[in-house]
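Visitor: Any chance you can model this:
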Amino acid sequence: MEFFGHVVDGRESTEDECGAVADSVDPWTRRPWARFPLGGEADAGRAVAAARRAFDTGPWPRMGFAERGAALHRLAGLIEAHGQELGLADTHDMGKPLTQSRDADVPRAAANFRFFADHARLATAEVLPPSFT
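Guide: Predicted structure coming up:
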């Protein structure tokens, strides 16, 4: 069974501070398909501290919109490139049809990142255009 650990400060850990793990159960088969750490107060504290450091001293706050946009476009490309496995994971976790998660939800997630990648450069107002769906 695959294990999905916490990712904090760019590093994946295999378990949380107290070692508690749980199974993700596929609602269709009713069988566990993956394990993950539950996470506790100490894990949340580590994540918040890492996010604060990234916000205060990381590269993102000093990037211009072109660099940020390029990073978000790279992320959208990775979502598209890994669409099959992302869709399958969502299907196992949520029990929805693979055609919905892989063929609709994954491309929509990539499209959302592409929209926001370009929004700062193209925005002429403080609200999203009404045609955005």
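Visitor: where do the strands sit along the protein?
Guide: With strands called from DSSP state E, the chain shows them at 2-3, 7-8, 11-12, 21-25, 32-37.
Visitor: What are the contacting residues of the first one?
Guide: Going back to what we said before, that points to strand 2-3. 14, 21, 33-36 (CB atoms under 8 Å, 6 or more residues apart in numbering). Glycine gets a C-beta too; all of them are placed from N, C-alpha and C.
Visitor: buried subset of these?
Guide: Neighbour-count burial within these applies to 33-36; the criterion is 16 or more other CB atoms under 10 Å.
Visitor: The closest residue to A50 other than its chain neighbours and H82, how far apart?
Guide: In this structure, A50 finds its nearest non-sequential neighbour in D9, 3.9 Å apart by CB to CB, 6 or more residues apart in numbering. According to CB to CB, to the nearest Å, D9 and H82 sit 22 Å apart.
Visitor: How about S13?
Guide: 22 Å.
Visitor: Same question for T91.
Guide: 14 Å.
Visitor: what is the mean pLDDT for stretch 1-21?
Guide: Averaging pLDDT along stretch 1-21 gives 82.
Visitor: Keeping just the C-alphas, turn it into CSV.
Guide: Extracted in CSV, the C-alpha atoms of stretch 1-21 (Å, rounded to 0.1, in the frame of the first residue of the first chain):
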residue,chain,number,x,y,z
MET,A,1,0.0,0.0,0.0
GLU,A,2,1.4,3.4,-0.9
PHE,A,3,2.3,5.9,1.8
PHE,A,4,1.8,9.6,1.4
GLY,A,5,3.7,11.6,4.1
HIS,A,6,3.6,15.2,5.2
VAL,A,7,5.6,17.6,3.1
VAL,A,8,6.8,20.5,5.3
ASP,A,9,9.6,23.0,4.3
GLY,A,10,10.2,21.1,1.1
ARG,A,11,10.9,17.8,2.8
GLU,A,12,8.7,14.8,2.9
SER,A,13,8.5,13.0,6.3
THR,A,14,7.2,9.5,6.7
GLU,A,15,5.2,10.1,9.8
ASP,A,16,3.9,12.8,12.1
GLU,A,17,5.4,13.7,15.4
CYS,A,18,3.3,11.1,17.3
GLY,A,19,3.6,8.4,14.6
ALA,A,20,-0.1,8.1,14.1
VAL,A,21,-1.2,6.9,10.6
